[in-house]
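Participant: Sequence first, predicted model second:
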Amino acid sequence: MMNGLPRDPFDLTIKPVPVRQLLEFANAANNDPLTYAVLPIDPIRAAAQALNPVADEKDIGLMVAYSEGRCIGHQGLIPIQISIDGELRKVIASVALFIHSDFRGKRNREGLTVAEAIYRRSLDHGYDIMNTGFGRARQRLHERRPEWFVRLPPLFFRRIRLSYLQPLSTGLRRLALRSRGDVVLRAYRLAQGIIDRRVARVYSHLLGTGIASETGEWRIVKVEKIIEPKHVDATSKSSIYFPRSTETINWMVTHPWHPIGGNPYPRCYFCNSRERFEYSAFHFINSAGSGAGYFVLVISTDQLYTTLRILDFHVTDRRMEPQILKFAIREALRQSANSVECSDRFGSYINANPLLHLLTYRMERPYWLGLQPTSPLANRLGEVCVDYCDGERPYL
């Protein structure tokens, strides 16, 4: 991409892109491969993020770093909300940080690395910044800048490894991927489907036994859009947590940004194509025909590995929670998913089934906050709760 290694120190310019201008920027950058040998954001993701209901006209959706007129790095920013004692405050979620390999560890004329300079500029916009889903190198950046970042309590979630019940889902999946031959891949999918269907018949009952007894109080109905129930059980919420409103959830379900079946933008490092990526939304309907709660599942297939995730749920009665888990496991077996991921809140229901408990791992994910000097969170970090489940992926 670059003509030789950068001078040290080097000139660095960082330009913000407003959320509402993301699509215009993405289309222009896609047509300028000289300046953007690495595309900061693809038009699919840009079109979705530009419609973020939490964002307003002044919010920034992307930071782009340039040296000698060429893009050398970028950071995606997603406006989200945090609830503090019942009042909503805007926070920015940092996603998709990328620095060109020639510039990693190099310092600009202000003595900052490119990543540090991008974060510093992002914090200048006046919002706290939430960071997660990063590797060890990025975590070291947070650790060496305690004046910018503080660590939050981690997110714990559960991963149910159904692939242990699917004999072809591990070793042969890797062999099929390495072969890269269409005939081998088709044979793998066919064999996996046959065996998984047989496994599902046997284990659908065993994995659901002990989770919860069926109740006739509610029925589960698939819907296009979520509607907030009138009385939501909020007993599990702390005084500080990250809510996702029904408007935000419906935006996510309506505008997914993973391309299916291949990457149409190969210059975009974060354009993660999927073989499959689908949201499904469900309502609990009571005997009077009214909505009594909801939950959202997302199923994603990447490199022949399928994950079903319980993404969001709100209920008016805690007895609905085990019904969500049972429904998700049955759906995962029906869809031949390799694993189910869910909030740690489902842990007691999982532990009630010895077989399910054996197949389940408790996973931990770190979270960091870049705090503003006047942030109300500064002295209350121990109260912050991150209780949704998004697995190993960044927010959204």
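Facilitator: On my side now, so go ahead.
Participant: Now do the strand or helix carrying residue 355, average pLDDT.
Facilitator: Per DSSP states H and E: residue 355 is located in helix 354-358. Per-residue pLDDT over helix 354-358 has a mean of 89.
Participant: Does anything pack onto that helix? Which helices or strands?
Facilitator: Contact partners of helix 354-358 among helices and strands, from 3 or more CB pairs under 8 Å, 6 or more residues apart in numbering; DSSP states H and E: helix 182-208, helix 347-351. In short, each C-beta sits where N, CA and C put it, glycine included.
Participant: one more time with 10 Å, if that's ok
Facilitator: Under the contact criterion of 3 or more CB pairs under 10 Å, 6 or more residues apart in numbering; DSSP states H and E, helix 354-358 touches strand 155-161, helix 182-208, helix 347-351.
Participant: mind checking how far the nearest residue to residue 94 once chain neighbours are set aside is from residue 138?
Facilitator: Distance criterion CB to CB, 6 or more residues apart in numbering; nearest residue to residue 94, sequence neighbours excluded, is residue 131 at 4.7 Å. Distance, residue 131 to residue 138, using CB to CB, to the nearest Å: 8 Å.
Participant: and for the two, which residues touch both?
Facilitator: 94, 97, 368 (CB atoms under 10 Å, 6 or more residues apart in numbering).
Participant: remind me which residues of the stretch 51-200 of the chain are low pLDDT?
Facilitator: Filtered on pLDDT under 70, the stretch 51-200 of the chain yields the residue ranges 133-134, 163-200.
Participant: for it, what spans make up the helices?
Facilitator: For the stretch 51-200 of the chain, the helices defined by DSSP state H, counting those that start in this stretch occupy 114-123, 136-143, 171-179, 182-208.
Participant: right, and residue 299 touches residue 305 too?
Facilitator: No - using CB atoms under 10 Å as the test, residue 299 is too far from residue 305 to be in contact (11.5 Å).
Participant: Who has more neighbours out of these two?
Facilitator: residue 299 (20 against 17; other CB atoms under 10 Å).
Participant: Would you mind listing the buried residues in the longest strand along the chain?
Facilitator: Criterion DSSP state E: the longest strand present in the chain is strand 70-84. Buried residues in strand 70-84, counting neighbours by 16 or more other CB atoms under 10 Å, are found at 70-80, 82-84.
Participant: now do stretch 349-358
Facilitator: Neighbour-count burial for stretch 349-358, counted by 16+ other CB under 10 Å, picks out 349, 350, 353, 356.
Participant: do the same with stretch 324-336
Facilitator: Buried, per 16+ other CB under 10 Å, within stretch 324-336: 324, 325, 326, 327, 328, 329, 330, 331, 332, 333, 335, 336.
Participant: From the residues you listed, which land in helices?
Facilitator: Judged by DSSP state H, helices contain the following of these: 324, 325, 326, 327, 328, 329, 330, 331, 332, 333.
Participant: Redo the residues you listed as CSV? Include pLDDT and distance to residue 217.
Facilitator: Output for these, formatted as CSV (pLDDT from 0 to 100; distance: CB to CB, whole Å):
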residue, pLDDT, distance to residue 217
324, 94, 14
325, 93, 17
326, 90, 15
327, 93, 15
328, 94, 19
329, 91, 20
330, 88, 19
331, 91, 21
332, 90, 24
333, 84, 25
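Participant: show me what contacts the closest residue to residue 346 other than its chain neighbours?
Facilitator: Leaving aside its sequence neighbours, residue 346 sits nearest to residue 325 (CB to CB, 6+ apart; 4.9 Å). Taking CB under 10 Å, 6+ apart, we find residue 325 in contact with 158, 160, 207-208, 211-212, 295, 310, 313, 340, 342-343, 345-346, 349-350, 353, 356.
Participant: And residue 325, how far from residue 276?
Facilitator: Using CB to CB, one gets 22 Å for the distance from residue 325 to residue 276.
Participant: would you turn the buried residues of strand 70-84 into CSV with distance to residue 379?
Facilitator: Below are these laid out as CSV (distance: CB to CB, whole Å):
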residue, distance to residue 379
70, 43
71, 39
72, 38
73, 33
74, 33
75, 28
76, 29
77, 25
78, 26
79, 24
80, 22
82, 15
83, 17
84, 12
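Participant: sorry, back to before: parallel or antiparallel, which strands does the longest strand of the chain pair with?
Facilitator: In the sheet, strand 70-84 lines up against strand 60-67 (antiparallel), strand 87-99 (antiparallel), strand 240-241 (antiparallel) (DSSP bridges).
Participant: Tell me how far it lies from the chain's centre.
Facilitator: Remark: strand 70-84 is offset 13 Å from the chain centroid, using CA atoms, centre = their mean, to the nearest Å.
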